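J.: Fold the stuff below for me.
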Amino acid sequence: MKLFFIVARTLKLQNSILARYLMRNVLMLLSVVFIVISLVIFGNQLVLVIKESLKAGIPVADLLPLVGFNMIRDVSPILSLSLLLAIILSIGKLYKGSEAIVMNSLGLGDKHFMVFIQPLVIVIFIFILLLTTVVVPWSKQQRGLIIERSENASEFSFIKEGEFQEFKNGDIVFYASKVSNTDNAKEQDMEEVFIYTLVNNEPVITLAKQAQKYTNLNTNSVYLHLKNGTRYHGFLSNKNKKILKFKFYDLQIIDGEVQESISTVTKVESKSTFELLFSSKLAEIAEFQWRMSQPLSVLILSVLGVLLGKTSPRGGKNLGVLVGIVVFIVYNNVLLIAKSALERGESLPIVGLWWVHLVMLLLIFIFYSIRHRKFIQFV
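T.: Numbers count the residues shown, from 1 in each chain. Next comes the predicted model:
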């Protein structure tokens, strides 16, 4: 019966004029802050995606989908930060206009403000939960398919005829006077090959009459199989240069382990949340807890926002906002650190990312106790 009374009172508070007034202010500020932050971040994302796409040779038709998938990935943290700042600004506005002081005199305090904004917070919590568990994994899967398709499409023309090309970030300079494609798109035959590399800061020049590009199916590494050539260690004019004549020589262009590690991360991030739920692999457990942590942080930060919004009419206007941004950044970075530690096996799955939320709740409780002078009772 007592529980029913508490629920009824909570619903009554949420439907009051003051609750609707506060929620309207939070929603309005949330929209403004979300648009401003989104324009800054999405604009920067657009520039970065275009640069990376041009560098990787991704078709123009795939640029907009890639930008869209990146935006979907960033909606959750942007919305979470926007809600936190909107709550701080809305509560702060009530105190600056002395409206909250009047409410306090009527017996309405921080607890009531938390109840007032609860419906909006729960709606955003559910929305972010759907994003992180369903939409974002799907978008990462689609993004991976686009990039993989583009890489496979460009692989056919990986080595171009009569052009100097750079591989491994400029560590290898390659030239072939003639290039012919075989039936397998992953292989190419070349003639009159020139290769310039640096080994221990010493130039190495390789000349070969013939070469073939191929992929080792066991390691997934890409090699150049050189035939009938010569390797010069040092410039041709140096007296101490070393000359090595060879009949066959294999030169690695792309490391298969690097490709495999990138592919593994992409596969884990694009897996469905239902698959991750019953997984025993540390990387998948960490990914599942990360997806759950983002909506959970919304509930925790909404409580902090109410406390940070409380200011005196003559107090600083932006102190709460500044503290809120710092806490949000630290909170998310610690979650990322905890996720990496769990992936490496440095923490137990039962601890995982959950300890970060518990510490955050403890700090909020201490802050609340000090603010309301209840901490003295525990000392």
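
J.: Now do the helices in the stretch 201-350 of the chain.
T.: Ranges of helices in the stretch 201-350 of the chain, per DSSP state H, counting those that start in this stretch, are 256-270, 273-277, 282-309, 319-343.

J.: Could you list the domains of the protein?
T.: According to automatic domain parsing, the chain comprises the domains 2-152+271-378, 165-258.

J.: Put together a markdown table for the ones you listed, with mean neighbour count on each row.
T.: For every residue, glycine as well, the C-beta is placed using N, CA and C. Listed next are the domains of the chain as a markdown table, based on neighbours: other Cβ atoms under 10 Å:
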| stretch | mean neighbour count |
| --- | --- |
| domain 2-152+271-378 | 16 |
| domain 165-258 | 15 |
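
J.: and the ones you listed, which one is worst for confidence?
T.: Lowest mean pLDDT within the domains of the chain: domain 165-258, at a mean of 75.

J.: quick check, distance from that one to the centre of its chain.
T.: Relative to the centre of its chain, domain 165-258 is centred 36 Å away, using Cα atoms, centre = their mean, to the nearest Å.

J.: Then stretch 283-293?
T.: Counting by Cα atoms, centre = their mean, stretch 283-293 comes out at 13 Å from the chain centroid.

J.: Which residues outside that stretch are in contact with it?
T.: Stretch 283-293 has contacts (Cβ atoms under 8 Å, 6 or more residues apart in numbering) with 132-133, 136-137, 264-265, 268-269, 271, 273, 275-277, 279, 335, 339-340, 342-343, 349, 352-354, 356-357.

J.: Using CSV, write out every CA atom in that stretch.
T.: This file holds the C-alpha atoms of stretch 283-293, laid out as CSV (Å, rounded to 0.1, in the frame of the first residue of the first chain):
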residue,chain,number,x,y,z
ALA,A,283,36.3,-8.7,-26.6
GLU,A,284,32.6,-9.5,-27.0
ILE,A,285,31.8,-9.2,-23.3
ALA,A,286,33.5,-5.8,-23.3
GLU,A,287,31.5,-4.7,-26.4
PHE,A,288,28.2,-5.8,-24.8
GLN,A,289,29.0,-3.9,-21.5
TRP,A,290,30.0,-0.8,-23.6
ARG,A,291,26.7,-0.9,-25.4
MET,A,292,24.8,-1.1,-22.1
SER,A,293,27.0,1.6,-20.4
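
J.: In this structure G144 contacts S270, no?
T.: Yes. G144 is within contact range of S270, at 5.9 Å (criterion: Cβ atoms under 8 Å).

J.: Overlap of the contact sets of those two?
T.: Contact criterion Cβ under 8 Å, 6+ apart; residues shared by G144 and S270: none found.

J.: CA atoms only for stretch 243-252, dumped as PDB, please.
T.: Extracted in PDB, the C-alpha atoms of stretch 243-252 (Å, rounded to 0.1, in the frame of the first residue of the first chain):
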ATOM      1  CA  ILE A 243      75.100  -6.200 -54.500                       C
ATOM      2  CA  LEU A 244      72.900  -9.200 -54.300                       C
ATOM      3  CA  LYS A 245      71.700 -11.000 -57.500                       C
ATOM      4  CA  PHE A 246      68.700 -13.300 -57.100                       C
ATOM      5  CA  LYS A 247      66.600 -15.600 -59.200                       C
ATOM      6  CA  PHE A 248      63.500 -15.400 -56.900                       C
ATOM      7  CA  TYR A 249      62.800 -12.900 -54.100                       C
ATOM      8  CA  ASP A 250      59.500 -12.200 -52.100                       C
ATOM      9  CA  LEU A 251      58.800  -8.700 -50.800                       C
ATOM     10  CA  GLN A 252      55.900  -8.200 -48.400                       C
END
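
J.: Spit out the contact partners of L30.
T.: Going by Cβ under 8 Å, 6+ apart, L30 touches S82, L83, A86, L120.

J.: distance of I78 from R24?
T.: 21 Å (Cβ to Cβ, to the nearest Å).

J.: Same check on L226?
T.: Going from L226 to R24 by Cβ to Cβ gives 72 Å.

J.: same deal with S272?
T.: From S272 across to R24, the span is 37 Å (Cβ to Cβ).

J.: Kindly report the same for K209.
T.: The spacing between K209 and R24, counted by Cβ to Cβ, is 78 Å.

J.: again, but for V321
T.: Taken as Cβ to Cβ, the span from V321 to R24 is 20 Å.

J.: and if you look at F278?
T.: Taking Cβ to Cβ, one finds F278 at 43 Å from R24.

J.: again, but for M360
T.: Using Cβ to Cβ, M360 is found at 28 Å from R24.

J.: Next: S76.
T.: Distance, S76 to R24, using Cβ to Cβ: 24 Å.

J.: Kindly report the same for L276.
T.: Distance, L276 to R24, by Cβ to Cβ: 38 Å.

J.: quick one: contacts for P65?
T.: Contacts of P65 by Cβ under 8 Å, 6+ apart are Q142, R143, I146.

J.: can I get these in JSON lines with distance to K93?
T.: Shown next, in JSON lines, are the contacts of P65 (distance: Cβ to Cβ, whole Å):
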{"residue": "Q142", "distance to K93": "41"}
{"residue": "R143", "distance to K93": "40"}
{"residue": "I146", "distance to K93": "44"}
